[in-house]
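Undergrad: pasting the sequence and the predicted model now:
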Amino acid sequence: MLRRYFLFAVLLTAPAFAADPPKGFTALFNGKDFTNFKGWDIHGKGGSPVDLAKLTPEERQKKFDAWTADLKNHWTIENGELVNKGSGPFLASAKDYADFELLVEYKISPTVDAGIYPKMMPQIQVWDPEDPAQVKNDNAKGSGGLWNNPKGTPGRDPLVKADKPAGEWNQFRILVVGERITIHLNDKLVVDHARILNYFDRGKPVPKAAPFLLQTHPPKLPIHWRNIFVREIPAAEANAILAKKAEDKEFKAVFNGKDFDGWQGATDGYEVVDGALRCKKGKGGVLYTTDEYADFQVALEIKFPPGNGNNGLGIRYPGGKGDGAYIGMCELQVLNDDYKGIDPRQAHGSAYGMAAAARGYQRPQGEWNYQVVTVKGPTIQVELNGTRILDTDLSKISEYMANSPHPGKDRTKGYFGFLGHNDPVEFRNVKIKTLK
């Protein structure tokens, strides 16, 4: 970590364009032209992600071609720096990014108001903390906050004021895993693993992968950008980041990676392979803990077999015999996103048959997925790979898939388990925290 901070200090005193990015990073801006970027009038008529999703691929491309052509009317390149004076389309990365680390430097004129849109979502705020016209908007707290999140939510305001005066260079280090964002401004932590919310489609998670954008914004005064370096984060590192932030010392391992100590039920339907708990192919059943839980969080990793994989997390299972999807509070579905023709309430992370989770946030086949489930009273939240895909209150459910009621949905206590369905789905690093 000390080496990385030293590197940041070097970058802050580097020439306008540093030809050699830090190890593991790619220089997105070449200091000469707009290669690796496109224009995007994201707040203009028909320019929001929701509007663009309604168009054909050809119609979308036509819009982006026009915005990109308009870039040169508003953006210039001076001394290896990108310069904009508060007008025109935003500058968007040509590539979509899922989990990534971004280094970027900026220099503002007094009273400038701008920002960075990670995963095309507004916004990491950039502005002048000394601008008296922005006092009503809390600019004195400084730059770096997720300003478009609701007031009072984590990350909305920066933890500390870290800005350098207008006219001096500032540097962001932005770490994005799912919808979780950690931001350092000038080596000071200003946002710590906060969720950025979907500004354009409220209530839905942000996209798994999307461009990031550099914002233009009146007043029409220049902002300079340089040294734009990006590093894509591999799955194992992303999972480690998530686990470090999600799991405190109160999480207790309930699977030892060696045997079925602490488990009961269908032990003959599962096996332990390389430290992971795996459902035997063609077998399954309900394997559940010897301890019961009321309100709790469970953190674990999940890996699907080649082809399709089907299992489930038993929540407040009562023990004994019976279908855990119905006699327990619920089954949280564990299923490949590749499954076709299913009810939305059967998708991965869904409260089976009752509440649908957002789909499309799994890692590529063969990689481990990191998931955290929070059960509190009748509510359940599921966060998969850093993105919240389910947030539901089962006490409010009155419609069921296939009109099949779930008599156990109002249970307040029970066991945690796995509901195997013949496929060799694997689980590891299974930890539970009791909530008080």
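TA: Noted; the coordinates are in hand.

Undergrad: in this protein, which residue is closest to the centre?
TA: Central residue of the chain (CA atoms, centre = their mean): residue 178, 1.7 Å from the mean position.

Undergrad: report the contact partners of the residue nearest to it when sequence neighbours are not counted.
TA: Once flanking residues are discounted, residue 178 sits nearest to residue 386: 2.1 Å by CB to CB, 6 or more residues apart in numbering. C-betas here are computed from N, CA, C, even on glycine. Contact criterion CB atoms under 8 Å, 6 or more residues apart in numbering gives 99, 177-180, 238, 242, 370 as the residues in contact with residue 386.

Undergrad: in strands, which of those residues fall?
TA: Taking DSSP state E as the definition of strands, those contribute 177, 180, 370.

Undergrad: out of those residues, flag the one nearest to residue 427.
TA: Nearest to residue 427 among those, counting by CB to CB, is residue 370 at 11.5 Å.

Undergrad: just list whatever residues bridge to that closest one.
TA: Per DSSP bridges, the residues bridged to residue 370 are residue 301.

Undergrad: list the contacts for residue 353?
TA: Contacts for residue 353 were tallied using CB under 8 Å, 6+ apart; they are 325, 343, 345-346, 400-402, 404, 406.

Undergrad: what of residue 42?
TA: If you count contacts by CB under 8 Å, 6+ apart, residue 42 has them with 48-49, 90, 92, 117, 120, 213.

Undergrad: report the separation between it and residue 411.
TA: As judged by CB to CB, to the nearest Å, residue 42 and residue 411 stand 45 Å apart.

Undergrad: repeat for residue 245
TA: Residue 245 sits 30 Å away from residue 411, going by CB to CB.

Undergrad: and if you look at residue 331?
TA: Residue 331 is 13 Å from residue 411, by CB to CB.

Undergrad: same thing with residue 270?
TA: Look at residue 270 and residue 411: by CB to CB, they are 24 Å apart.

Undergrad: who has more neighbours, the two?
TA: Neighbours of residue 270 and residue 411, each counted by other CB atoms under 10 Å, are more numerous for residue 270; the result is 23 against 19.

Undergrad: which residues does the more buried one form a beta bridge with?
TA: Assigned bridge partners for residue 270, using DSSP bridges, are residue 279.

Undergrad: ok, it - contacts?
TA: Neighbour list for residue 270: 260, 277-280, 283, 287, 418, 420 [criterion: CB under 8 Å, 6+ apart].

Undergrad: who's in contact with residue 381?
TA: Contacts of residue 381 (CB under 8 Å, 6+ apart): 373-374, 388, 390-392.

Undergrad: again, only this time at 7 Å
TA: By CB atoms under 7 Å, 6 or more residues apart in numbering, residue 381 lies in contact with 374, 388, 390-391.

Undergrad: CA atoms only for the helix or strand containing it, dumped as CSV, please.
TA: In this assignment (DSSP states H and E), residue 381 forms part of strand 379-384. Extracted C-alpha coordinates of strand 379-384, given in CSV (Å, rounded to 0.1, in the frame of the first residue of the first chain):
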residue,chain,number,x,y,z
THR,A,379,-37.1,-8.4,5.0
ILE,A,380,-34.4,-9.9,2.9
GLN,A,381,-31.6,-8.2,1.0
VAL,A,382,-29.2,-10.0,-1.4
GLU,A,383,-26.0,-8.4,-2.6
LEU,A,384,-24.2,-10.4,-5.4
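
Undergrad: low-confidence ranges in the stretch 101-250 of the chain?
TA: Applying pLDDT under 70 to the stretch 101-250 of the chain picks out no residues at all.

Undergrad: now the strands for it?
TA: 113-117, 124-127, 170-177, 180-185, 188-195, 213-214, 223-232 (DSSP state E, counting those that start in this stretch).

Undergrad: could these be laid out in CSV, adding mean neighbour count?
TA: As requested, the strands of the stretch 101-250 of the chain are arranged in CSV below (neighbours: other CB atoms under 10 Å):
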stretch, mean neighbour count
strand 113-117, 23
strand 124-127, 26
strand 170-177, 21
strand 180-185, 24
strand 188-195, 19
strand 213-214, 24
strand 223-232, 21
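
Undergrad: so which of these gets nearest residue 160?
TA: Ranking the strands of the stretch 101-250 of the chain by proximity to residue 160 (CB to CB) places strand 188-195 first, at 5.5 Å.

Undergrad: and the closest one, what does it pack against?
TA: Helices and strands touching strand 188-195, by 3 or more CB pairs under 7 Å, 6 or more residues apart in numbering; DSSP states H and E, are strand 180-185.

Undergrad: between the strand it packs on and strand 188-195, how many degrees?
TA: 170 degrees (axes from the mean of the first three to the mean of the last three CA atoms, to 10 degrees).

Undergrad: keeping just the C-alphas, turn strand 180-185 into CSV.
TA: Once non-C-alpha atoms are left out, strand 180-185 reads as follows in CSV (Å, rounded to 0.1, in the frame of the first residue of the first chain):
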residue,chain,number,x,y,z
ARG,A,180,-19.7,-0.3,-4.4
ILE,A,181,-17.3,2.7,-4.7
THR,A,182,-14.3,3.7,-2.7
ILE,A,183,-12.7,7.1,-3.5
HIS,A,184,-9.4,8.7,-2.5
LEU,A,185,-8.9,12.3,-3.4
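
Undergrad: which strands or helices does it pack on?
TA: Contact here means 3+ CB pairs under 7 Å, 6+ apart; on that basis strand 180-185 packs against strand 170-177, strand 188-195.

Undergrad: next, count neighbours for residue 393.
TA: By other CB under 10 Å, the residues close to residue 393 number 11.

Undergrad: if I look at the nearest residue to it once chain neighbours are set aside, how far off is residue 395?
TA: Closest residue to residue 393 apart from its sequence neighbours, by CB to CB, 6+ apart: residue 379 at 4.9 Å. Distance of residue 379 to residue 395, given as CB to CB: 8 Å.

Undergrad: same check, this time on residue 115
TA: 39 Å.

Undergrad: residue 124 too?
TA: 37 Å.

Undergrad: before we move on, what about residue 228?
TA: From residue 228 to residue 395 the distance is 48 Å (CB to CB).

Undergrad: domains for the chain, by residue range?
TA: Using automatic domain parsing, the domain parsing of the chain gives 2-233, 247-434.

Undergrad: which residues does residue 350 contact?
TA: Residues near residue 350 by CB under 7 Å, 6+ apart: 333, 356-357, 390.

Undergrad: show me where the protein has helices.
TA: Per DSSP state H, the chain carries helices over the ranges 2-12, 49-53, 57-70, 235-246, 324-327.
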